Structure formats: C-alpha cells, structure tokens
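everything below, folded, please.
(2 chains)
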Amino acid sequence: MLDPKLLRGDLEAVAQQLARRGFSLDVDGLTALESRRRELQTRTEELQGERNTRSKAIGKAKANGEDIQPLLDEVSDLGDRLDAAKQALMDAQAEWDDAVSGIPNLPHDSVPEGESEDDNVELHRVGTPRDFDFDVLDHVDLGRKSGYLDFDLAVKLTGARFAVMRGPVARLHRALAQFMLDTQTLAHGYEECYVPYIVNRDSLRGTGQLPKFGEDLFRLDDEREFHLIPTGEVPLTNFVRDEIVEADALPMKLTAHTPCFRSEAGSHGKDTRGMIRQHQFDKVEMVQIVEPEHSYAALEDMRGHAEALLQALDLPYRVVTLCTGDMGASAAKTYDLEVWLPSQETYREISSVSNCEDFQARRMQARYRKPEAKKPQLVHTLNGSGLAVGRCLLAVLENHQQADGSVTIPEPLRGYMGGAASIAL
RNA sequence: GGAGGGAUGGCAGAGUGGUUGAUUGCACCGGUCUUGAAAACCGGCGUAGGUUUGUAGCCUACCCAGGGUUCGAAUCCCUGUCCCUCCGCCA
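Reported below is the predicted structural model:
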C-alpha cells in the first residue's frame, strides 16, 4: 500500500509514476472521495465532541445533586445524528480503502519501462548451454522410463498438476533443498526457519495476496479463513508484522524451505506438461528486513545469493530486470533468474528477487526504532527464491543428462546423495 | 474434548460506569550535579486522523477484535481471537 499522505498530496505525480507500469490512477475520483471523506470526518468529530462535553456536564451536575433530566432531554436526538454521521463516514472510508488497496507500488527509477515480459531487460548471462550429441529428453520423458517421476500416478492420487517422485529423483529433490538451505544459512548468513504452511488472513493481507489476489490461493474449509501459503515469503515477511524492532536487529535475514500451493497454476493452459507449473512445489525462500537506505544494496546481495546456487550446480542461466509492466503489485524492482532448459531451448524463471521497499511494511505496520529518531520508521522488505526446488530439479535432470540415460550429479549435491556421482534413470 | 483464569502505552503492572489517554515502576530522551561516569534530583516520553503555513496549538479516535447497553464504557453484556493453569487425548 502506498503512503496515504502521498495520495492526499501530489496525486498527479503519483499517477505519472503509476502510468509507467500501465496502471491508470483515477485522480478525479480519488480526489472527490477524499474531500467527501474529510468533510464527513469533520462533521462526525464535531458531533462526538458535543456529546462528550454534554456528557461531562451531566456527570458534574449529577455529582452536585442537581436535577439532570433537562440536560438529558437536550441530548435526546444527538445519538441518532451521531450514528448517522458515523455510518456515512464508515461508508466513505470503506470506499477509499477499496480504491487505495488496488493501487500497486511505485516502480523504482531504474526499472525499465515496458508492457510485458517481452520488454524485460537482460542483465547478464552466466554459463553456456551444452552442445548435446544425442537427442535430449525433457524431464517428463527422462522420468517416465524408470517411473521415478510419475505424473499419471499423481493424477490418480489427486488430479492434474501434481507430481510423484520416487527413488533417486525424490532423493535428488531433497538433496537440492538441503543444499540450498545449507548454502543460504552457512555461506550467506540467513537464519533457518521452520514456519506454518497455513496462514491467516492478516498475514496474506500484509504481503499483498489479499484482498486482490485471493483466487490464486487454496483456502481451507474453515471459518477462520485459513489459506495454504503460496510462497514462504508470506510467513517469513509477516514475522515483523505489527512489530517495532530495534535498529540493531536489522538486517534480519530469514530463510525457510517450504511447500508452496497455488490454485491458479495452469488455469490458462500454460505449461501443461511436466512439473514446470504445479499446484504444489517446494521452494527455499529468502527474506530480508532492512533499513530503507540499505534495501537496494540488499537486493543486489540477494540476487547474488540466488545466482551462487545456479553457478554451483553448473546450470546456465540469465538474469533479467523485470519491466514496469511485468512486476508484481508489491514490488518496486524485481530481478528474475532464468535457467536454461535444453528441451525447450529457452530460459525459464527459477527465481524472482524483489525489493518491496515500504509497500508491504506499511500494510503490516512493520517498523524499527532508530536510536536518534523519536518516531518508529517503516522497514523495507525484500524477498527472493533461492531457489524453486522443483524447477531446479528438472533443470538438473535436463542439463546434466547423458546419452546412456543417466544424469550426472553436480559436485555440491553428491554429499547429500550418499556420494553418488550420477543416477541411472 | 472438559473446567477455570487472563489480554491495559517499548516492557512490567494499577485501575469495575462520570474531566482517566489512563496511577506507578523500568527502559528511553533532555537538564542539574560530577574531572568523566554512576547514583540522586527535575522535566519529558504512545499511535493514528482532522484542522492549520506549521514536527506549535486545538479537536477526534484508540485500554485484544467486533457488536450491544447508556446522556456517558478501559470498567457492564454478547460474540470471536489469542495466551495461561488443571484434567483427558495424542505424534
């Protein structure tokens, strides 16, 4: 959510910045709404003030043993007028909140302008796609022969867009997650966390999934409005919701390996084959809570933390800066890491690293106290995948496949695989 | 699943219908004292919104959340959430 002061002040400037990301701000509507809201608030507060002074007078008169009936008669209709004013104010406020909650974050100046992913700007490429002297298989065909990767079985157990992994593939999946988690904690200084995979409404509101994007979530049949997490970002970032942390507690660097559940996956018929797009997938998430002046340095660091994993796994990838039109609503700037998939002969997203500045912090009321400042200040929040485990698994399978149907295990994973240098599929 | 007790400012903890936004202590900030520090003493110290040129003043709201009673609610009633204790059950 944007700073309400910004929205009450220079709306035109805000509208211009939002136009960069293809969002057209209803300046006139908001202005009218705000002036009406303000008027109603003033009226309500006047009535409240009147009620308070009269009630105090009644209390005083009663204490002096005077007859208070005449005073009571005077205030008889005040309550009704006050109720009406309050109701009107609440309606106007709700209308304003509704309008404001749909406004995305302002893009950072360095974000390239564009409408879609076609306009994203490549930052750099690392690694060279292999030249295969045999016909490459995609992960579906690779896994089918042995049955170690079984989508048909998942259909029977649940339905479309789930996967069953068995044997060495299941172990490789676990090895990847362990390797990522160990790298983030031991090499990059993140604190390992175990978090709930079910969260409440307030948490989803804090990170921005609600109220606008509820249809992307799996919701439990429970009156408490519990939802399965769509990403570890939700529980981790909400650590600081409604908190005032001391400055020396920052930066807070958190990581967790969690499953992620997404209801929308595949609703548009994209990536129907294989485990690119699933309702359930695992991810190691990085979250940083930082002081505002350090958030862009932290963004570069986090991108590096994600890139280090791909380099260690010897996977070719590229980094793109998302253009204004392709960013999520909460982000001010986002890098995507895209890994090379030989079967598709293209780069596919495997990590997304974003600086949300104070957009989420404001929704969450997440603040910190600087010793020299009297008022608590909003923190900046960043999140990034480090990495998506499922997509990483298929990238390893496809990139490191051999002519004999085996897959070479990247060196850093071998310790997690009982020393195996390759697996036979 | 059953029975009880709680939720108040950064923290601890008073307050059961009438100038109580709220006693007090700790923490924090400023000052006096001191060579310096500590101690002691004095003062300050919540958040949000409105009004305003104004981080001044004034006004309004907020004592877990949402409803209700009342001229008036931190205080009484209802619902919900969370925490604690005991019993049962369970990984």
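
name the residue of chain A that lies nearest to RNA strand B.
Using CB to the nearest atom of the strand, the single residue of chain A nearest to RNA strand B is residue A:59, 2.9 Å away. Just so you know, the C-beta spots here come from the backbone N, C-alpha and C atoms, and that holds for glycine as well.

three-state assignment of that residue?
What DSSP: H, G, I helix; E, B strand; the rest coil gives for residue A:59 is helix.

residues near it, how many?
Residue neighbour count, defined by other CB atoms under 10 Å, stands at 11 for residue A:59.

per-residue confidence for it?
Residue A:59 carries a pLDDT value of 84.

how much space separates it from residue A:367?
Distance of residue A:59 to residue A:367, computed by CB to CB, to the nearest Å: 38 Å.

just residue A:153 next, same as before
According to CB to CB, residue A:153 stands 49 Å off from residue A:367.

please apply the same query to residue A:229.
In terms of CB to CB, residue A:229 sits 24 Å off from residue A:367.

same check on residue A:156?
Counting by CB to CB, the separation of residue A:156 from residue A:367 is 50 Å.

more crowded one of those two?
Of the pair residue A:156 and residue A:367, residue A:367 is the one with more neighbours under other CB under 10 Å, namely 18 against 9.

isn't the more buried one right up against residue A:380?
No. Residue A:367 lies out of contact with residue A:380 (CB atoms under 8 Å); the separation is 11.1 Å.

need the overlap of contacts for these two.
Each of residue A:361 lies in contact with both residue A:367 and residue A:380 under the rule CB atoms under 8 Å, 6 or more residues apart in numbering.

how about the residues of chain A by RNA strand B?
Residues of chain A lying near RNA strand B by CB under 7 Å from any atom of the strand: A:4-5, A:8, A:38, A:41-42, A:44-46, A:48-49, A:51-56, A:58-60, A:62-63, A:72, A:75, A:78-79, A:224, A:244, A:371, A:374-376.

buried members of those residues into ChimeraX, please.
Typed into ChimeraX, the next command selects the buried ones out of the residues of chain A next to RNA strand B (criterion: 16 or more other CB atoms under 10 Å):
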select /A:44,58
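
of the residues of chain A next to RNA strand B, which belong to strands?
residue A:244 (DSSP state E).

now, the residues of chain A next to RNA strand B that are in helices?
Cross-referencing the residues of chain A next to RNA strand B against helices under DSSP state H gives A:4-5, A:8, A:38, A:41-42, A:44-46, A:48-49, A:51-56, A:58-60, A:62-63, A:72, A:78-79.

who's in contact with stretch A:109-118?
Stretch A:109-118 is contacted from outside by A:20, A:22, A:119-121, A:321-327, A:332-333, using CB under 8 Å, 6+ apart.

which among those residues end up buried?
Taking 16+ other CB under 10 Å as the criterion, what is buried in the contacts of stretch A:109-118 is A:20, A:120, A:321-327, A:332-333.

ok, which pair from these is furthest apart?
Taking CB to CB as the measure, these span a maximum distance of 15.7 Å, between A:120 and A:332.

got a list of what residue A:353 touches?
Residue A:353 neighbours (CB under 8 Å, 6+ apart): A:286, A:299, A:302-303, A:306, A:334-337, A:382-385.

tell me the most packed of the residues you listed, by neighbour count.
Of those, with other CB under 10 Å as the count, residue A:382 tops at 30 neighbours.

what's opposite it in the beta bridge?
residue A:288, residue A:355 (DSSP bridges).

test my guess that residue A:196 contacts residue A:236.
No. Between residue A:196 and residue A:236 there is no contact under CB under 8 Å: 10.8 Å.

those two - which one has more neighbours?
Per other CB under 10 Å, whichever of residue A:196 and residue A:236 has more neighbours is residue A:236, with 27 against 12.

doesn't the more buried one belong to a helix?
Yes. Secondary structure of residue A:236 (three-state DSSP): part of a helix.

that one contacts residue A:194, doesn't it?
No. Between residue A:236 and residue A:194 there is no contact under CB under 8 Å: 10.8 Å.

quickly list what's touching both of the two.
Here residue A:236 and residue A:194 share the contacting residues residue A:256, scored by CB under 8 Å, 6+ apart.

any idea how far stretch A:134-148 is from the chain center?
The chain centroid and the centroid of stretch A:134-148 are separated by 33 Å under CA atoms, centre = their mean, to the nearest Å.

ok, residues contacting it?
A:149-151, A:165-170, A:273-275, A:341-344, A:393-394, A:397-398, A:401, A:403, A:405, A:407, A:424-425.

among the contacts of stretch A:109-118, which ones are in strands?
Those of the contacts of stretch A:109-118 lying in strands (DSSP E): A:121, A:321, A:333.

closest one to residue A:261 out of those, please.
For the ones in strands among the contacts of stretch A:109-118, the nearest to residue A:261 is residue A:333 (26.6 Å; CB to CB).
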